[in-house]
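**Student:** Fold the stuff below for me.
(chains A and B)
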Amino acid sequence: AQSVTQLDSQVPVFEEAPVELRCNYSSSVSVYLFWYVQYPNQGLQLLLKYLSGSTLVESINGFEAEFNKSQTSFHLRKPSVHISDTAEYFCAVSEAAGNKLTFGGGTRVLVKP
Amino acid sequence: DAGITQSPRYKITETGRQVTLMCHQTWSHSYMFWYRQDLGHGLRLIYYSAAADITDKGEVSDGYVVSRSKTENFPLTLESATRSQTSVYFCASSPSGARTDTQYFGPGTRLTVL
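**Tutor:** Below you'll find the predicted structure:
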């Protein structure tokens, strides 16, 4: 069975500083990888996803994530965060042969001025 | 364009009562999902549905019942609520399944069982 581990439950960071959120997964088959973001008091929304091709994927608001198959990781980075990036971020995995998403425990990012 | 809506947004109930959480989507997406969100556990799948009248269990389905008589609606019922079912519940939909599709989430229902 697949599982997803987000190593940091909370990440405080100053505005304009870089941030990295770590995500590792375990699966014996091919996977698709997702990052979702949940702003306060809202539902989740897709930030970016890796399906195939280039291992580096980017979002429209400056986040990027790199798929590393050998390390079974899909870490999320942003070189310079804004106050508006304060949110909880969830890594998720779906197996190529399945039709369900498995979510990590989430990482809460608090951007300080 | 309403998208996906959930009602009620907040609910307080007592142990042993039956509670139904509603989910409605306007996109005619085939797949719909129910998750619960608990601190430290992320989101865990309760039930999902591939189409009207087709439902299947997720990893935490005990104590929950779903139905899907119409494509756009996917209600979740707690037959006899327990305190351990206090949680935030999210409904989601996707066009054709979770493998590569984006899931679109509702705003959530915060349920408290006293």
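
**Student:** Show the model's pLDDT score for whatever residue of chain B ends up closest to chain A.
**Tutor:** Closest contact between chain B and chain A, by CB to the nearest CB, is at B:Phe105 (3.5 Å). C-beta: built from backbone N, CA, C; applies to glycine. We note a pLDDT of 95 for B:Phe105 in this prediction.

**Student:** tell me the phi and psi of it?
**Tutor:** As for B:Phe105, its main-chain torsions (degrees, to the nearest 10) stand at phi -100, psi 150.

**Student:** That one against B:Ser94, yeah?
**Tutor:** No. Applying CB atoms under 8 Å, one finds B:Phe105 not in contact with B:Ser94, separated by 10.1 Å.

**Student:** Can you check the pLDDT for the residue nearest the centre of chain B?
**Tutor:** The centre of chain B sits closest to B:Trp34, judged by CA atoms, centre = their mean, with a distance of 2.9 Å. Note for B:Trp34: predicted pLDDT of 97.

**Student:** Contacts only, for it.
**Tutor:** B:21, B:23, B:45-48, B:58, B:64, B:66, B:74, B:76, B:89-92 (CB atoms under 8 Å, 6 or more residues apart in numbering or on different chains).

**Student:** Any idea what it is bridged to?
**Tutor:** Following DSSP bridges, B:Trp34 is listed with bridge partners B:Tyr47, B:Cys91.

**Student:** Next: B:Thr5.
**Tutor:** Using DSSP bridges, the bridge partners assigned to B:Thr5 are B:His24.

**Student:** Over to A:Gln45?
**Tutor:** A:Val37.

**Student:** burial measure for it, as a count.
**Tutor:** 14 (other CB atoms under 10 Å in any protein chain shown).

**Student:** Likewise for B:Ile54?
**Tutor:** Neighbourhood size, B:Ile54 [other CB under 10 Å]: 11.

**Student:** So it versus B:Ser67, what's the distance?
**Tutor:** 11 Å (CB to CB, to the nearest Å).

**Student:** One more: B:Ser30?
**Tutor:** Using CB to CB, B:Ser30 is found at 16 Å from B:Ser67.

**Student:** List the buried residues of stretch A:57-67.
**Tutor:** Judged by neighbour count (16 or more other CB atoms under 10 Å in any protein chain shown), stretch A:57-67 contains these buried residues: A:57, A:59, A:63, A:65, A:67.

**Student:** can you pull the contacts of A:Glu66?
**Tutor:** A:55-57, A:73-75, A:77.

**Student:** Let me know the closest of these to B:Thr15.
**Tutor:** Each of the contacts of A:Glu66 was scored against B:Thr15 by CB to CB, and A:Phe74 proved nearest at 40.2 Å.

**Student:** which residues does the closest one form a beta bridge with?
**Tutor:** With DSSP bridges as the criterion, A:Phe74 is bridged to A:Phe67.

**Student:** Look up how far chain B lies from it.
**Tutor:** 15 Å (CB to the nearest CB, to the nearest Å).

**Student:** Repeat that for A:Glu16.
**Tutor:** A:Glu16 is 29 Å from chain B, by CB to the nearest CB.

**Student:** and what of A:Ala92?
**Tutor:** With the distance defined as CB to the nearest CB, A:Ala92 ends up 8 Å from chain B.
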